[in-house]
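Asks: coords please:
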Amino acid sequence: MRRISGIAAICRAMDGAAAVSVPQYRTSTVARYSASSSKSSVRSNWYQPTRTAAHAVAGSVLFSVAATTLTEEVHAKEAVPPELRPKDIVLYQYEACPFCNKVKAFLDYYDIAYKIIEVNPISKKEIKWSDYQKVPIVIVDGETLLDSSDIIDKLFEKVRPVDSTSDADEETKWRKWVDNHLVHVLAPNIYRTTSEALESFEYITSHGNFGFTERFTVKYGGAASMYFVSKRLKKKYNITDERAALYEAAETWVDALKGRDFLGGSKPNLADLAVYGVLRPIRYLKSGRDMVENTHIGDWYSRMESAVGVSARIQA
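Replies: The predicted model follows:
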């Protein structure tokens with residue numbers, strides 16, 4: 001019964017934010033993609049009976065993908081005064097979850113030490129104590145925070161209480177764009193073909209909290225399940241061409257920068273960190289490599305990689 005409930009988790013994940021129609025694709029972007037794209041097919045017998053357990057993990061890590069290799073830090077991190085720095089932060093997460101990576105990008109950029117509890121997406125035994133059965137969950141000095149955007153807002157208020165920005169409306173607009181549009185483009189891309197689905201689940205099973213049997217079941221059953229789920233997501237979010245939608249989203253973000261190093265100007269703001277956070281897991285998968293090669297987002301991403309720098313994670 002526990003594993004079957006994962007089907008409901010898929011539905012909750014798909015309905016977690018309002019659908020945003022994909023805008024008309026740029027001719028140059030689509031043409032550049034079409035010249036190099038190839039279609040792959042899959043036989044129905046590839047979908048094995050392991051789908052029940054796979055649904056559980058697939059719904060929990062709907063947009064899960066691979067982690068990045070961070071480059072040498074170039075930009076200075078934002079300094080948080082010692083008196084404002086939280087003393088103890090524990091993040092309950094899935095390693096490849098984009099929403100968890102949003103929170104980690106914020107913590108890493110502000111160099112706020114945090115501990116991680118990796119949640120098993122099938123049993124969720126690590127968060128049995130919570131009525132809220134999604135991740136991320138963050139405990140900050142004994143206070144429980146839920147929902148990635150709310151977590152970041154409350155942490156920001158704690159560490160930058162006097163900060164204000166003249167472009168708050170712009171920042172808010174693009175943070176909502178991340179949650180309501182960008183994340184919905186990712187799953188159809190990382191699970192676009194059977195090989196890409198397996199690539200994603202290879203990372204998930206290598207870095208997630210799984211037993212030996214679960215690891216095998218989730219890798220193959222999860223990849224099969226999400227390959228088919230991704231086709232439903234394409235229809236739900238009005239996506240006709242996965243890569244073109246991804247490239248369009250990347251170029252939309254680059255256009256929003258208006259020639260600035262970051263949306264925040266000379267340094268990243270919360271919108272920069274949100275976009276970077278959800279893209280960080282896919283950057284070195286095939287979909288992420290294709291995105292950088294076929295759009296203009298690479299320079300901004302490299303600047304963000306340098307600005308965020310090394311992880312502030314400490315051992316639990």
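
Asks: ok, so what distance separates the residue lying farthest from the centre of the chain from residue 160?
Replies: Within the chain, the residue lying farthest from the chain centre (CA atoms, centre = their mean) is residue 83, at 30.9 Å. Distance of residue 83 to residue 160, computed by CB to CB, to the nearest Å: 13 Å. All C-beta spots, glycine's among them, are computed from the backbone N, C-alpha and C.

Asks: One more: residue 191?
Replies: 37 Å.

Asks: out of those two, which sits in the busier spot?
Replies: Higher neighbour count among residue 191 and residue 160: residue 191, with 32 against 15, using other CB atoms under 10 Å.

Asks: I'd say the more buried one and residue 199 touch.
Replies: No - in this structure, residue 191 is not within contact of residue 199 by CB atoms under 8 Å, at 9.6 Å.

Asks: Show me what residue 140 is bridged to.
Replies: Here residue 140 sits in beta bridges with residue 89, residue 143, as judged by DSSP bridges.

Asks: so what does the longest helix seen in the chain touch, helix or strand wise?
Replies: Across the chain, the longest stretch assigned as helix under DSSP state H is helix 242-257. Contacts defined by 3 or more CB pairs under 8 Å, 6 or more residues apart in numbering; DSSP states H and E place helix 242-257 against helix 27-34, helix 183-190, helix 286-294, helix 298-308.

Asks: Please enumerate the strands of the stretch 51-200 of the chain.
Replies: 89-93, 115-118, 137-140, 143-146 (DSSP state E, counting those that start in this stretch).

Asks: I'd like those strands written out as JSON lines, with distance to residue 204 added.
Replies: Below are these laid out as JSON lines (distance: least, CB to CB, whole Å):
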{"stretch": "strand 89-93", "distance to residue 204": "13"}
{"stretch": "strand 115-118", "distance to residue 204": "11"}
{"stretch": "strand 137-140", "distance to residue 204": "19"}
{"stretch": "strand 143-146", "distance to residue 204": "23"}
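
Asks: Tell me which of these sits nearest to residue 215.
Replies: Minimum separation from residue 215 across the strands of the stretch 51-200 of the chain (CB to CB) falls at strand 115-118, 13.3 Å.

Asks: Off-centre distance for the closest one?
Replies: Mean-position distance between strand 115-118 and its chain equals 17 Å (CA atoms, centre = their mean, to the nearest Å).

Asks: Name the residues of it that are buried.
Replies: By neighbour count with 16 or more other CB atoms under 10 Å, strand 115-118 contains the buried residues 116, 118.

Asks: partner strands of it, parallel or antiparallel?
Replies: Applying DSSP bridges to the sheet, strand 115-118 is found paired with strand 89-93 (parallel).

Asks: The nearest residue in space to residue 151 that is not next to it in sequence - how many residues pack around it?
Replies: Nearest residue to residue 151 in three dimensions, chain neighbours excluded: residue 145, at 4.5 Å (CB to CB, 6 or more residues apart in numbering). Neighbour count for residue 145, taken as other CB under 10 Å: 19.

Asks: Residue 131 now?
Replies: Residue 131 sits with 6 neighbouring residues when counted by other CB under 10 Å.

Asks: what's the distance between it and residue 124?
Replies: On the measure of CB to CB, residue 131 and residue 124 end up 12 Å apart.

Asks: next one: residue 138
Replies: Counting by CB to CB, the separation of residue 138 from residue 124 is 16 Å.

Asks: And those two? Which one has more around it.
Replies: residue 138 (26 against 19).

Asks: Surely that one touches residue 88?
Replies: No - Residue 138 lies out of contact with residue 88 (CB under 8 Å); the separation is 10.8 Å.

Asks: Once you drop chain neighbours, what's closest to residue 146?
Replies: Among residues not flanking residue 146 along the chain, residue 132 sits closest, at 5.3 Å (CB to CB, 6+ apart).

Asks: Kindly report the same for residue 234.
Replies: residue 188 is the one closest to residue 234 (CB to CB, 6+ apart), at 4.8 Å.

Asks: Report pLDDT for that neighbour.
Replies: Residue 188 carries a pLDDT value of 94.

Asks: Pull up the gap between it and residue 293, please.
Replies: On the measure of CB to CB, residue 188 and residue 293 end up 19 Å apart.

Asks: more crowded one of the two?
Replies: Legend: neighbour count by other CB under 10 Å for residue 188 and residue 293, higher for residue 188 (25 against 11).
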